[in-house]
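1. No letters, just coordinates:
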Ligand SMILES: [Zn+2]
């Protein structure tokens, strides 16, 4: 679990930040697999719904903009769609299984809605964890001062 200090530092992307494939593609600055003979290139990653969310410590950490699943440990021959399906089979983006430009309007709408709902749930959980920790601290403080 993250401490509240870590949560402060964690960048929570805005729900609409990575909705477009081009925005996701731009997040891959120094992707280690953008070389010849690699299957999981930044272009394929962005197509399969992933944006880059790593750091120096985690140079190949990506996240899906819809289900928010994080994946790392990529191998050159990994197929981003296959990995997405394997680790998040319930993701609506995977269920539809098409790149953005091939989506119909109802499919686009469904994906955007799911992405927004998941992001709100994520934010809610982050805030709730923080509130619980603060409550615990207050209780400990009150107990100490009662004695
Ligand atoms: Zn997903």
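-> Looks like it came in fine. Since we're looking at a predicted model, the values are computed, not measured. Residues are numbered from 1 along each chain as shown.

2. switch to C-alpha atoms for all contacts and neighbour counts from now on
-> OK.

3. Around the ion, pick out the residues from the chain.
-> Listed as neighbours of the ion in the chain under the rule C-alpha under 5 Å from the ion: 64, 67, 91.

4. give the contact list for residue 35.
-> By C-alpha atoms under 8 Å, 6 or more residues apart in numbering, the contact list for residue 35 reads residue 41.

5. how near is it to residue 88?
-> Distance of residue 35 to residue 88, computed by C-alpha to C-alpha, to the nearest Å: 26 Å.

6. Buried ones in stretch 54-62, by neighbour count?
-> Within stretch 54-62, the residues that qualify as buried by neighbour count (16 or more other C-alpha atoms under 10 Å) are 54, 59-62.

7. wait, what's in contact with the spatially closest residue to residue 72 that is not a sequence neighbour?
-> Excluding its sequence neighbours, the residue lying closest to residue 72 (C-alpha to C-alpha, 6 or more residues apart in numbering) is residue 61, at 4.5 Å. By C-alpha under 8 Å, 6+ apart, the residues touching residue 61 are 52-55, 70-73.

8. picking up where we left off before, among the residues of the chain next to the ion, which ones are buried?
-> Buried among the residues of the chain next to the ion by 16+ other C-alpha under 10 Å: 64, 67, 91.

9. Columns secondary structure on top of those residues, output as a markdown table?
-> Output for those, formatted as a markdown table (DSSP: H, G, I helix; E, B strand; the rest coil):
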| residue | secondary structure |
| --- | --- |
| 64 | strand |
| 67 | coil |
| 91 | coil |
